[in-house]
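Student: Build me a structure from this.
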Amino acid sequence: MKDIMIDIETVGTDPYSVILAIAAVKFDIRTGEVGEQFYRTIDIKSSRKAGLSFDFDTLWWWMGQDENVRNMVFNGKEALVNVLLDLMLFIGDDKQVEIWANSPSFDLSLIQNACERVDLETIWRYWQERDVRTISNLLPDIRKNMKREGAAHHPVSDCIHQINYLVATLNKLLNK
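Tutor: Residues are numbered from 1 along each chain as shown. From the prediction side, this is the model:
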């Protein structure tokens with residue numbers, strides 16, 4: 001599978017915010033078939049030690065979210081650098097891979113910034129990045145009416161939901 005959807009959960013919206021969890025899901029852009037999945041939660045202390053920040057508005061926002069999801073994403077025990085290394089291994093170095101996010105200017109940029117803080121390079125290049133939001137806004141009713149499977153703000157569930165409405169939108173646009 002040459003497409004990977006990435007989603008993160010954070011404690012901020014600034015470019016160098018603490019990342020709580022990262023998911024990546026390989027998928028077939030034509031069929032929506034989901035393949036191998038990556039999901040990890042990150043120890044907040046290791047992110048803070050790397051110089052990432054959080055804001056109280058986002059922390060307060062998290063207090064209003066589903067308790068089970070909140071407990072999962074705030075329960076990270078792994079060091080930031082280890083999770084990022086494993087993510088790069090999961091993605092691999094195939095330059096034909098397309099990396100999708102909703103939107104790359106947030107999810108992928110925060111991952112790149114976190115990598116910078118721990119002296120890692122991201123495995124993908126800017127020309128591999130794809131924006132789910134741009135495509136889904138072409139036919140917004142598809143996203144709006146797409147039944148969600150799994151909890152909102154859990155990165156794996158978010159990835160799969162994004163894959164579902166992305167593929168449905170593309171198929172409708174291509175008259176498939």
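
Student: Checking my notes, I111 in a helix, right?
Tutor: Yes. I111 sits within a helix when classified using DSSP: H, G, I helix; E, B strand; the rest coil.

Student: Can you get me a residue count around it?
Tutor: I111: 25 surrounding residues under other CB atoms under 10 Å. C-beta here means a position set from N, CA and C on the backbone, and glycine is covered the same way.

Student: and it, how far is that from I123?
Tutor: Going from I111 to I123 by CB to CB, to the nearest Å gives 10 Å.

Student: What of V69?
Tutor: Distance from V69 to I123, by CB to CB: 28 Å.

Student: One more: W61?
Tutor: Distance, W61 to I123, by CB to CB: 31 Å.

Student: Tell me which of the two has more neighbours.
Tutor: More neighbours surround I123 than the other of W61 and I123, with 18 against 13 (other CB under 10 Å).

Student: hang on, the more buried one is in a strand, isn't it?
Tutor: No. Going by three-state DSSP, the assignment for I123 is coil, not a strand.

Student: secondary structure class for the nearest residue to it once chain neighbours are set aside?
Tutor: Once flanking residues are discounted, I123 sits nearest to M88: 4.4 Å by CB to CB, 6 or more residues apart in numbering. Here M88 is recorded as helix under three-state DSSP.

Student: Tell me how many other residues surround M88.
Tutor: Residues near M88, counting by other CB under 10 Å: 17.

Student: what sits against it?
Tutor: By CB atoms under 8 Å, 6 or more residues apart in numbering, M88 lies in contact with L120, T122, I123.

Student: How about T58?
Tutor: Shown in contact with T58 (CB under 8 Å, 6+ apart): T10, V11, G12, T13, S17.

Student: For the chain, which segments are assigned as strands?
Tutor: 3-10, 19-27, 34-41, 98-101, 129-131 (DSSP state E).

Student: Export the ones you listed to CSV and append columns for distance to L139.
Tutor: Listed next are the strands of the chain as CSV, based on distance: least, CB to CB, whole Å:
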stretch, distance to L139
strand 3-10, 18
strand 19-27, 19
strand 34-41, 21
strand 98-101, 17
strand 129-131, 15
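
Student: could I get those as a markdown table with mean pLDDT and mean neighbour count?
Tutor: Below are the strands of the chain laid out as a markdown table (pLDDT from 0 to 100; neighbours: other CB atoms under 10 Å):
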| stretch | mean pLDDT | mean neighbour count |
| --- | --- | --- |
| strand 3-10 | 98 | 25 |
| strand 19-27 | 98 | 25 |
| strand 34-41 | 98 | 16 |
| strand 98-101 | 98 | 22 |
| strand 129-131 | 97 | 18 |
